[in-house]
Structure formats: structure tokens, C-alpha cells
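Peer 1: Predicted model follows, preceded by the sequence.
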Amino acid sequence: MRAKHLFIKSFLVPAVFLGILSLTGCVTFYNAATGRREALLIDTPSEVSLGRDMDKEIHKKMAIVRDAAMQARLDRIGQRVANYSDRQDLNYYFQLVQDKELNAFAVPGGYIYINTGLFNTASDNELAGVLAHEIGHIAARHSVKQIQAQMGYQLLMNLVLGIYSKESMGQAMNTVFNLANLGYSRADESLADKLAVKYTRRAGFDPYGIVSFFNKLEDEQKRKGSSRPIPFLSSHPLTSERIAHVKQEIINNP
């Protein structure tokens, strides 16, 4: 009898899940950033709502800098690049985090955060390249896909339905922060670099700023030593490999 109950339960759970999918809808669309048709449970309104709540949590956990001059520079460069993103179905928000580490990260819904250490180190062209890279992740929906892939369906459905339990929000936040600290996959990082070249060039910035910033990061990495990796370089592709690919992308798509 117990085995029968387990069988019924194992059958009903996927059935309930499929029923929820039919109600919420699995969004199929052409993603201009990836050049493919894709299917996602988290549509743009759900993503924006999730990102808004994540932003509130980040404000509780991190020191957000409120300096008018610094914010003006960040917005001027960021919005100029964002205007050329393949994704224009959401607004982009740029914020400064008080942190000396050379790092930047994005969360779903168009929210991008730049550490002051990176902000103060980068020229305008270099900062445009970093912001374009993060915008590329958002345009390709990389963090959304990771959240969808790593969360259990019940927690995922909570997010889709806007039911933000402590557990579901915590897991989504952990996924995003892991991406920020450990890096995306080789393919995701390579695509974000490619999109960064595209967006910076279209916005009127020098895409070689991406290369010069990578060089700065490599120099900083050597100065610190291998025991203290720079988060922005902690992705799978080697920095030298990323530099070569960016240079090739600049040459191939003038």
C-alpha cells in the first residue's frame, strides 16, 4: 500500500507542476542577444518584480554609495550603453557599492551594481565595457536561466507567482551572488564579452576599453597573487583567452 501511495504521489507532483505551467505559461520568444528561440517560465514582469525585491535585499546587505557626482558619471555612461542593448523591455538601474574589490554584478530585472574599487580604477571607455558586459548578461537572461535551472520547481513557481518566501528568495539571491563571485559559464561569459563589444561600439565608446580593463585586472591579479583572486576574473575562460576573443570580435565586426 505504501508503494502504491508513493507511486501516486510521484505521478501527481509532476502533474500538478504541469498544471501550474499551463496556468502561468511558459514564455517562448526570440532572444536577440543569443540569436535563438528560448523558453522561460520567468517572463519579463516576473523578472522585474523579482529584481526589485532583490534590490531591496541588496540595499540591506551592502553599502550603497550616494554621491551625486559619481552617480551622474555612472548613469551617463550606463544609460548611454543600455540604449543599444538588445533588450529594451525593461529599465536599467546602475548603483555604486562601497567595496574596494574590482567587481561588478547584475541581478534580474535590469539592476547593475559596480564596486567603487572598479569605478575609481576604470576610464570612461573601460567602465562602459564593464557595464556593457553586465547589460549583456541581462539581455541574454543569464541569471534568470540559472535561477530557473537551479531552483526546485515549487520554489520556482513561488517566484513566478510572486510568492516570495524566505526560502525561495534566499535561494534566488544565493544563485545570483554565486554567479557574481564565481562567474558564469564559459559560454555565458564569452557571449557577454561579445555583446559588450557590440554595445560599446554602438554607444560611441572605444571597445578596446574592454581589453585595457582586462589588462588592468591581470596586473592587479599579479600584484595580489593567486591566493586572492579578483571576482571579475573568476570565470571559467582564462583572461588571456577572453582578451584574444574580444580583440577578434572587434576586428571581425567593425
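Peer 2: Noted; the coordinates are in hand.
Peer 1: Against which helices or strands is whichever strand or helix holds residue 241 packed?
Peer 2: Using DSSP states H and E, residue 241 sits within helix 239-252. Helices and strands touching helix 239-252, as assessed by 3 or more Cβ pairs under 8 Å, 6 or more residues apart in numbering; DSSP states H and E, comprise helix 186-202, helix 208-224. All C-beta atoms are positioned from the backbone trio N, CA, C, and that covers glycine.
Peer 1: and residue 94, backbone torsions?
Peer 2: Main-chain torsions, residue 94, degrees, to the nearest 10: phi -120, psi 130.
Peer 1: Which pLDDT value belongs to the spatially closest residue to it that is not a sequence neighbour?
Peer 2: Here the nearest residue to residue 94 in space, its sequence neighbours aside, is residue 78; by Cβ to Cβ, 6 or more residues apart in numbering that works out to 3.9 Å. Predicted confidence (pLDDT) at residue 78: the value is 98.
Peer 1: Tell me who's in contact with residue 78.
Peer 2: Residue 78 makes contact with 92, 94, 112, 131, 135, according to Cβ atoms under 8 Å, 6 or more residues apart in numbering.
Peer 1: In helices only, show me those.
Peer 2: 131, 135 (DSSP state H).
Peer 1: Widest-spaced pair of the contacts of residue 78?
Peer 2: Distances among these were taken as Cβ to Cβ; the most separated pair is 94 and 135, at 9.7 Å.
Peer 1: Which one of these two is surrounded by more residues?
Peer 2: Just comparing residue 94 and residue 135: by other Cβ atoms under 10 Å the higher neighbour count belongs to residue 135, 28 against 24.
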